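> sequence plus the predicted model coming up.
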Amino acid sequence: MAKAGSRGMTRCRPDLNCRDQRGRRMEIWGIDAPQKVVKMSDKTEITLKDLGERNDIIKTMHRALSDQGLAEERGVGQYALHGASINQTVVGRVLAKGLASDEMSERVFLVIDGVDGRVHHMEFGDASRVEEVRRGMIVEAAPPASGTRSADHNIAINAEEGDGIYRPSRHLARVKNSFERQGKDPESFVRFHVRRLQALRRAGHVERLDEDHWRVPHDIVERGQAHDLAQGGNRPQLRTLSTLDLERQITSDGATWLDRQLIARDPIMVKDLGFGRQVKQALNQRTQRLVEMGYAVTKDGKMSISRPSIATLERNEVERVGHQMASTLGRTFQPVKAGEYVTGALVGSTNLASGRFAILEILSADGGLGFALVPWQPVLDKRIGQHVSGTALDSGGIDWSFGRKRGLGL
């Protein structure tokens, strides 16, 4: 029987009342336990372990915020714990990176200060996918690709009407009027499909006859899905949007992530809360900077930025950095123009405000040893040190043709 202590504390018979109280408390926690006798079930052990891991994650997130002086601004109610399963697209600034709570595994976590006003904790089973990610970078994490791609269905429909030939010009003519009525960019839409075809061609699924003719198999949708799965499409996706923080983007002379948001037809949704508020302020400051630089104009209180202006920013930065590297490397910098065929050894990459660029060791116009800077693509990840070839596109990218000779499938 319980007896009252001199200090108002309740003393329990260790063989009965205390175990009863412990059992009732475990029931409140949702942990099963028989009456009178507390028996640790498998469910109990798992639940306690989950509670411990969740507590460790919250501490990690709080520490990451404290390091940036943001702990008071971001309450626990703004924390989002995803684990290894991401079911939404998250865009934000990387606050921390490290080994997950189970240090025996190779899982790596990221703490991301999202533009949606929340702070996200997520884990990646493949450490190589986040190897290049650093604190302060702007990244996008997305759910695994599921099912078939709408782009593959669109390609299949257009190719079926053309006897197995997909023509970008015909696709553009089909969607142009409806897209323009909706305020959308039909050319960007078609370019997206062409980039998909380029990826599928590198895997041997389609054939490029010329710029406006692609031979497409009847089962392209199924092939596309198989290709995505083979490329790790069943895992969360992560890509770097900018290696520069917001402050450096505001004053940059390159084409920044902020610039691309300013001209995007469908910019990401940014909440006026947390990091989202900082992004909104940075967009306003960057706009003023572009006006000062002559890349944007204001009329009747409205600001206008043209896509060619952003392309000019990127081109100018690439040429400036290229010439700086030339003086350091003692080699000739060779700018690459649209339509040109480029071939050489992929010796590395460099990060600019305009994005990541591949460094190709090529022959210069005078026959000496030179190099070129071209936009990086994920397909190059495992080709450092190899010989690569491709054709420069009007969009600024490269249509790579690995293992092919010039004139075959280009």
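Everything's here; your move. Numbers count the residues shown, from 1 in each chain.

> could you use CA atoms for every contact and neighbour count after this?
Noted.

> quick check: closest non-adjacent residue to I310.
Spatial nearest neighbour of I310, chain neighbours left out: A255 (5.7 Å); criterion: CA to CA, 6 or more residues apart in numbering.

> err, R383, not the other one
L346 (7.1 Å).

> thought the residue nearest to I310 was touching P308?
No: taking CA atoms under 8 Å as the definition, A255 is not a contact partner of P308, at 10.9 Å.

> neighbour count: those two, which is higher?
Neighbours were counted for A255 and for P308 using other CA atoms under 10 Å; A255 has more, 23 against 10.

> and the pLDDT for that one?
Per-residue confidence (pLDDT) for A255: 95.

> ok, now C18?
For C18, pLDDT reads 58.

> one step back: specify the local secondary structure of the residue nearest to R383.
strand (DSSP: H, G, I helix; E, B strand; the rest coil).

> what's around it, how many residues?
21.

> what do you get for H153?
Counted with other CA under 10 Å, H153 comes out at 15.

> in contact with it, which residues?
V221 (CA atoms under 8 Å, 6 or more residues apart in numbering).

> pull the CA atoms of the helix or strand containing it into PDB?
Following DSSP states H and E, one finds H153 within helix 150-161. What follows is helix 150-161, C-alpha atoms only, in PDB (Å, rounded to 0.1, in the frame of the first residue of the first chain):
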ATOM      1  CA  SER A 150       4.400  12.600 -69.300                       C
ATOM      2  CA  ALA A 151       7.200  13.700 -71.600                       C
ATOM      3  CA  ASP A 152       7.700  10.200 -72.900                       C
ATOM      4  CA  HIS A 153       3.900   9.900 -73.600                       C
ATOM      5  CA  ASN A 154       4.000  13.200 -75.500                       C
ATOM      6  CA  ILE A 155       7.000  12.000 -77.500                       C
ATOM      7  CA  ALA A 156       5.300   8.700 -78.300                       C
ATOM      8  CA  ILE A 157       2.100  10.500 -79.500                       C
ATOM      9  CA  ASN A 158       4.000  12.900 -81.800                       C
ATOM     10  CA  ALA A 159       6.200  10.100 -83.100                       C
ATOM     11  CA  GLU A 160       3.200   7.800 -83.800                       C
ATOM     12  CA  GLU A 161       1.700  10.500 -86.000                       C
END
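
> list the buried residues in it.
Buried residues in helix 150-161, counted by 16 or more other CA atoms under 10 Å: A151, D152, I155, A156, N158, A159.

> helix or strand right after that helix?
Next along from helix 150-161, by DSSP H and E: strand 165-166.

> roughly how far is whichever helix or strand comes after that following strand from the heart of the chain?
The C-terminal neighbour of strand 165-166 among helices and strands, as given by DSSP H and E, is helix 168-181. Distance, stretch centre to chain centre, for helix 168-181: 28 Å (CA atoms, centre = their mean, to the nearest Å).

> no further questions, thank you.
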